[in-house]
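Trainee: my questions concern the predicted model and sequence given below.
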Amino acid sequence: MSKKQYYIKTFGCQMNVYDSQRIVGILETLGYTPASGPKTADLIIFNTCHIREKAAEKVFSDLGRIFALKQERLAAGLDTVIGVVGCVVQAEDEQIAKRAPFVDFATGPLTYHRLPEILAKIGRKRGQTVIDTEFPAESKFDFLPQNRSSGGCAYLAIQEGCNNFCTYCVVPYTRGIECSRPVEDVLAEARRLVETGALEINLLGQNVNSYHGEDHAGKERNLAHLLRRLAEIEGLKRIRYTTSYPADVDDELIACHRDLPQLMPYLHLPVQSGSDKILKAMNRRHTSGDYLRTVEKLYAANPDLRMSSDFIVGFPGEEDADFRATLDIVNRVKFIQAFSFKYSRRAGTPAALMPGQVEEKIKKERLDILQNLLFSYQLKFNKDSVGKLMPVLFDMKGRHAGQLIGRTPYMQNLHAEIGKEYMNKIVNIRVTEATTNSLSGKTEG
Ligand code: 5AD
Ligand code: SF4
């Protein structure tokens, strides 16, 4: 009998990308092999995102298409198991059973390690959706198999969940409260990633800088400690961590940016808004002044460091003056990259019920203005890179033969025609051209 094939589609953040890799690890231990596309897959999994309405709706529309595919395969005598996993399941398990009853199983982001059990149950219970959205007592990380190999650039989840309860955000409800992996587990995974080819590790967590994992002696350690230990791993050339919460950036973490050459000079630190009134309504534990002071300290620790951020426009109660304060903080910090969003009303979060909901038209106008300003700084930074020699880690094939795509220390995408022998290597590249979204360059000589 031929081996069963799987196909996974991942929506949303890097944590989902990481989780999907771990799910692949489970499927491979169960004997599944990757399918070239959904049409030939016996098992189709959607790993979903619930952060904004658009992301969640996309899952339901794509599921409709998968149902059509399932019926086509059925007509040809082929069975297809459809699974939905991730944050949409945690938040909307009843909606899934109602809107997509053809789904065979649905599990939240904290119970992937139970997939073998769930898949076995489906064998016994066809026609019924098996749903698992518990917040389990055990940590999924203790049970998930390791990825067998990594490319030059690897993700490593060190922390999951969030206790901040920003009033717009579903994460504390979908990913649960904060939980950190023990220091030794993280170090062991990092060493293994380096042994299988990783030159760069990006530490992941919803609130990664509130990391407080236990060491071998049971003592709680912070992110700064973990970074210093990781920096001792021979062969690990680049370390990043994302996503951080501004109020949790402490002096020890800032000192790492001064002391550790492996720590890339680029920090994603979402400010969300420049208005103190809005930050307060968002339940953020920082003002715009606090944020600017933190950035100043970071720049003092490493003058080459540059910042990126997330922004929300049109939060309930946001007036023109508040929006101008957001533009103001952009002009001060000069973020080199950013993600910006219109506020999306999420059921079950406090902000969904707040007075002063902002009209869609105004949200759109503000987003356009903000994005134009952000893009202008991004383009300026990219243009200023032209002529510089930058170490680039190549980890993707480009469109043409011989073209590779890699990342500079500042997470800029760089294209170069250098041949596949440079895949998963760090190469010094002279930057020759720049647009808002990418750079091009050449090797010297
Ligand atoms: N509406 C719009 N943007 C949101 N984000 C989180 N929740 C919402 C929401 N309800 C944004 C924040 C966060 C990023 C991951 O998504 O900017 O930092
Ligand atoms: Fe959501 Fe981030 Fe706020 Fe946590 S800190 S509630 S993940 S926006």
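Mentor: Yep, it's here. Ligands and ions are numbered 1, 2, ... in the order given.
Trainee: hey, let's count contacts and neighbours off CA atoms from now on
Mentor: Fine.
Trainee: and the strands in the stretch 1-150 of the chain?
Mentor: Counting by DSSP state E, counting those that start in this stretch, the stretch 1-150 of the chain has strands at residues 5-10, 33-34, 43-48, 81-86, 105-107, 130-132.
Trainee: how about residues contacting the shortest one?
Mentor: When you say that, I think you mean strand 33-34. 3, 4, 5, 6, 7, 27 (C-alpha atoms under 8 Å, 6 or more residues apart in numbering).
Trainee: give me the buried subset of those.
Mentor: Using 16 or more other C-alpha atoms under 10 Å as the burial test, those include 4, 5, 6, 7, 27 as buried.
Trainee: need the residues of the stretch 151-300 of the chain near ligand 2, please.
Mentor: Contact residues, the stretch 151-300 of the chain versus ligand 2 (C-alpha under 6 Å from any ligand atom): 162, 164, 165, 166, 169, 171, 172, 206, 207, 245.
Trainee: could you say which of the strands of the stretch 1-150 of the chain is packed most deeply?
Mentor: strand 105-107 (a mean of 26; mean count of other C-alpha atoms under 10 Å).
Trainee: direction included, what does that one pair against?
Mentor: If you go by DSSP bridges, strand 105-107 pairs up with strand 81-86 (parallel), strand 130-132 (parallel).
Trainee: run the chain-centre distance for that strand.
Mentor: 21 Å (C-alpha atoms, centre = their mean, to the nearest Å).
Trainee: tell me the mean pLDDT for that strand?
Mentor: Mean per-residue pLDDT for strand 105-107: 92.
Trainee: and for stretch 54-65?
Mentor: Averaged across stretch 54-65, pLDDT comes to 90.
Trainee: list the buried ones in it?
Mentor: Buried-residue list, stretch 54-65, by 16+ other C-alpha under 10 Å: 56, 59, 60, 63.
Trainee: right, is it up against ligand 1?
Mentor: No. Between stretch 54-65 and ligand 1, judged by C-alpha under 6 Å from any ligand atom, nothing touches; the nearest distance is 9.8 Å.
Trainee: and residue 226, what element?
Mentor: Under the criterion of DSSP states H and E, residue 226 resides in helix 223-230.
Trainee: which is the next helix or strand following that helix?
Mentor: Following helix 223-230 toward the C-terminus (DSSP H and E): strand 238-242.
Trainee: residues of the chain that sit close to ligand 1?
Mentor: 51-52, 168-169, 270, 272, 310-312, 341-346.
Trainee: ligand 2: which of the strands of the stretch 1-150 of the chain is closest?
Mentor: Ligand 2 sits nearest to strand 81-86 of all the strands of the stretch 1-150 of the chain, at 14.7 Å, using C-alpha to the nearest ligand atom.
Trainee: what's the angle from that closest one to strand 43-48?
Mentor: Relative orientation of strand 81-86 and strand 43-48, computed by axes from the mean of the first three to the mean of the last three C-alpha atoms, to 10 degrees: 20 degrees.
Trainee: which residues touch residue 255?
Mentor: Residue 255 neighbours (C-alpha under 8 Å, 6+ apart): residue 301.
Trainee: now swap in the one 3 residues further on and tell me
Mentor: Residues in contact with residue 258, defined by C-alpha under 8 Å, 6+ apart, are 301, 302.
Trainee: redo that, cut-off 10 Å
Mentor: 265, 298, 299, 300, 301, 302, 303, 305 (C-alpha atoms under 10 Å, 6 or more residues apart in numbering).
Trainee: walk me through the domains of this structure.
Mentor: Domain segmentation of the chain under automatic domain parsing yields 5-132, 140-383, 389-443.
Trainee: quick revisit: which one of the buried ones among the contacts of strand 33-34 is nearest residue 356?
Mentor: residue 7 (43.4 Å; C-alpha to C-alpha).
Trainee: beta-bridge partners for that closest one, please?
Mentor: Legend: beta-bridge partners of residue 7 under DSSP bridges are residue 44.
Trainee: what about it, distance to residue 421?
Mentor: To residue 421, residue 7 is 29 Å away according to C-alpha to C-alpha, to the nearest Å.
Trainee: likewise residue 412?
Mentor: 21 Å.
Trainee: the stretch 101-250 of the chain: helices as residue ranges?
Mentor: Counting by DSSP state H, counting those that start in this stretch, the stretch 101-250 of the chain has helices at residues 115-124, 171-174, 183-195, 223-230.
Trainee: okay, these, which one's buried deepest?
Mentor: helix 171-174 (a mean of 21).
Trainee: didn't residue 162 look like it was pressed against residue 207?
Mentor: Yes. Counting by C-alpha atoms under 10 Å, residue 162 sits close enough to residue 207 to count as a contact (6.0 Å).
Trainee: which neighbours do these two share?
Mentor: Joint contacts of residue 162 and residue 207 (C-alpha under 10 Å, 6+ apart) are 178, 179.
Trainee: so where's the stretch 151-300 of the chain uncertain?
Mentor: Scanning the stretch 151-300 of the chain for pLDDT under 70 picks out nothing.
Trainee: same thing with the stretch 1-150 of the chain?
Mentor: Using pLDDT under 70, the stretch 1-150 of the chain drops low at 1-2, 124-127, 137-138, 143-150.
Trainee: closest one to residue 427 among the helices of the stretch 101-250 of the chain?
Mentor: helix 183-195 (17.7 Å).
Trainee: list the helices and strands the closest one packs on?
Mentor: strand 153-157, strand 200-204, helix 223-230 (3 or more C-alpha pairs under 10 Å, 6 or more residues apart in numbering; DSSP states H and E).
Trainee: and the contacts of the last one?
Mentor: Translated: helix 223-230. 158, 182-184, 186-188, 190-191, 201, 203, 208-213, 215, 231, 236, 238-241, 249-257, 259-260, 262-263.
Trainee: give me the buried subset of these.
Mentor: By neighbour count, with 16+ other C-alpha under 10 Å, these hold 158, 182-183, 186-187, 190-191, 201, 203, 208-213, 215, 231, 236, 238-241, 249, 253-257, 262-263 as buried.
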